[in-house]
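> Got a predicted model here, sequence first, then my questions.
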Amino acid sequence: MKFKKKMVVAHRGASGYAHENTLLAFQKAIDLKADCIETDIRRTKDGFIVLYHDAAINGKYLTDITFGELQEEARKKDFQVATLEEGLAYVKGKILIDIEFKEDGYVEEAVAIIQKHLRNDEFFIRSFLDEVLIQVKEIDPNIITALLLGKSNPKNPIRTRLSEIFPGRRLRRTKADFVSPHYRLLKFFFVTRMNFGKYSVSVWTVNDEEIIKKVIFRHKVDNIVSDYPDRVMKYLHK
Ligand code: G3P
Ligand code: CA
């Protein structure tokens, strides 16, 4: 279960087949024999760190509602939110987990919870937020981290996109171990440039089979995040 360069990562669990970021989607990823599960974390008003992607549910911000209220809102949409602790306990011994920190503000607390359940070779951490990755490495330089690129609606689009197509400075500053661009950022020999700098590339989120083939065979990426891990496994042979 150790971190490998070549991986099929089930995005928010196998979220093409079950509700994203739930234990059901995690189980589907395990059944499909994905190498890793990607999941997102946020925190509720009463301090529960939960597996949830969006900032809000049914128009209510997680930072304004309790964990109980979050579950009530989730029930209306027919799913159940898991806490980070529940997610970690569920995957332990079964599959590698890739935890995306959606926010800054409780990095130390989240890392402590993760390390209470998992060894460093059982997880890694991704974020679009450079400051989060810097804090993770300060807490423990042996935790494997990835810098996510392809932020949606950045405040300064030109500057952000340039820093994503040419992320060298950000990679050095965050001390990230690998780089994780949106597939549309694979421009100007991105993979070749990154590999030359000794960075592996993990591309998100590729669901379309034609794009999966292009990413694997033209761009030579062998670490792919997908809602449908089985589609990637058809082409990424190990
Ligand atoms: O793994 C990267 C991907 O999860 C980032 O985007 O919005 O799906 O969390 P998003
Ligand atoms: Ca994510």
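Cool, got the structure. The model shown is predicted, which means the values in this text are computed figures rather than measured ones. Numbering: from 1, shown residues only. Ligands and ions are numbered 1, 2, ... in the order given.

> Show the model's pLDDT score for the closest residue to ligand 1 within the chain.
Proximity of the chain to ligand 1 (Cβ to the nearest ligand atom) peaks at residue 204, 3.7 Å away. C-betas here are computed from N, CA, C, even on glycine. On pLDDT, residue 204 comes in at 98.

> So which residues of the protein form helices?
Taking DSSP state H to define them, one finds helices in the chain at 23-31, 67-76, 84-91, 107-117, 130-139, 157-165, 168-174, 190-196, 209-213, 229-233.

> I'd like these laid out as JSON lines, including distance to ligand 1, mean neighbour count and mean pLDDT.
JSON lines is the format used below for the helices of the chain (distance: least, Cβ to the nearest ligand atom, whole Å; neighbours: other Cβ atoms under 10 Å; pLDDT from 0 to 100):
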{"stretch": "helix 23-31", "distance to ligand 1": "13", "mean neighbour count": "21", "mean pLDDT": "98"}
{"stretch": "helix 67-76", "distance to ligand 1": "18", "mean neighbour count": "15", "mean pLDDT": "98"}
{"stretch": "helix 84-91", "distance to ligand 1": "15", "mean neighbour count": "20", "mean pLDDT": "98"}
{"stretch": "helix 107-117", "distance to ligand 1": "16", "mean neighbour count": "17", "mean pLDDT": "98"}
{"stretch": "helix 130-139", "distance to ligand 1": "13", "mean neighbour count": "18", "mean pLDDT": "98"}
{"stretch": "helix 157-165", "distance to ligand 1": "13", "mean neighbour count": "14", "mean pLDDT": "95"}
{"stretch": "helix 168-174", "distance to ligand 1": "16", "mean neighbour count": "15", "mean pLDDT": "98"}
{"stretch": "helix 190-196", "distance to ligand 1": "16", "mean neighbour count": "16", "mean pLDDT": "94"}
{"stretch": "helix 209-213", "distance to ligand 1": "15", "mean neighbour count": "15", "mean pLDDT": "98"}
{"stretch": "helix 229-233", "distance to ligand 1": "13", "mean neighbour count": "22", "mean pLDDT": "98"}
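
> between the ones you listed, which one is nearest to residue 146?
helix 130-139 (8.1 Å; Cβ to Cβ).

> Cheers, nothing more for now.
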